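Asker: what's the 3D shape of this:
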Amino acid sequence: MPVPVRLKDGPGHSERVVVGPSPAFRGQTLTEGGRKTGDDDGFGMSEYERSRTMPALPEHVFDQASVVGQLDSWLPQGLHVEAADLPAVTVHEDRTGEDEAGLFRAERDQMRLEWGTRDSGSYAGWLQVAGIGSGASEVTVHLSFFDEQHDPGADAVTDELDRSLERLDELVRLRMDGGGAG
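Answerer: Residues are numbered from 1 along each chain as shown. As a prediction, this is how the structure comes out:
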């Protein structure tokens, strides 16, 4: 169940509270677009978050983002998702050549996607779409790496998240302009 997560926009900036995917996030302070170091108990967990404004209604953005069959068109390059019996999915990573069991949930009433590894517990993530008025939306994507060996590093992750949001924006624009089905 989603729980509040306190984010800091950076040094000297105010905090804001967003909703995280599980109790594992309760009371943790994260840096937007950055990396969280371990808690006092020594558990090293990395957190990344990026946002983008898109000129489309939240329902239109969510409808494009949530189609399992087209996740490859906006996810980080080299990741491929195949639906088994939802919420079960298989994620193939080109970099390692490995398949991993995962979970994928789309909650339209909350305009939220959630995903993660099923067996290894290596990572989890969510995408939240929020209307910001005038027919526009803010799309926020968040990744949590629970296994330091699975984390490719802050620069690589934030770059890929930015590119993923850019590709999702392009996909939404194509659909809105009548350039594709959906």
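Asker: Please enumerate the helices of this protein.
Answerer: 58-65, 154-176 (DSSP state H).
Asker: Ok, which of those helices comes nearest residue 98?
Answerer: Nearest of the helices of the chain to residue 98, taken as CB to CB: helix 154-176 at 17.8 Å. (Glycine included, C-beta is placed from N, CA and C.)
Asker: one step back: what would the helices of the chain look like in CSV with mean neighbour count, mean pLDDT and distance to residue 44?
Answerer: Listed next are the helices of the chain as CSV, based on neighbours: other CB atoms under 10 Å; pLDDT from 0 to 100; distance: least, CB to CB, whole Å:
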stretch, mean neighbour count, mean pLDDT, distance to residue 44
helix 58-65, 21, 97, 30
helix 154-176, 17, 94, 13
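Asker: Switch those helices over to a markdown table; also include distance to residue 122.
Answerer: Formatted as a markdown table, those follow (distance: least, CB to CB, whole Å):
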| stretch | distance to residue 122 |
| --- | --- |
| helix 58-65 | 22 |
| helix 154-176 | 13 |
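Asker: Out of those helices, the one nearest residue 125 is which?
Answerer: helix 154-176 (9.3 Å).
Asker: what's the angle between that closest one and helix 58-65?
Answerer: If you take axes from the mean of the first three to the mean of the last three CA atoms, to 10 degrees, helix 154-176 sits at 110 degrees to helix 58-65.
Asker: closest one to residue 134 among the helices of the chain?
Answerer: Among the helices of the chain, helix 58-65 sits nearest to residue 134 (CB to CB), with 12.2 Å.
Asker: Report the distance from the closest one to the chain centre.
Answerer: Helix 58-65 sits 14 Å away from the centroid of its parent chain (CA atoms, centre = their mean, to the nearest Å).
Asker: Output the contacting helices and strands for it.
Answerer: Packing partners of helix 58-65 (3 or more CB pairs under 8 Å, 6 or more residues apart in numbering; DSSP states H and E): strand 123-133, strand 136-145, helix 154-176.
Asker: would CSV of those with distance to residue 55 be doable?
Answerer: Shown next, in CSV, are the helices and strands packed on helix 58-65 (distance: least, CB to CB, whole Å):
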stretch, distance to residue 55
strand 123-133, 10
strand 136-145, 5
helix 154-176, 8
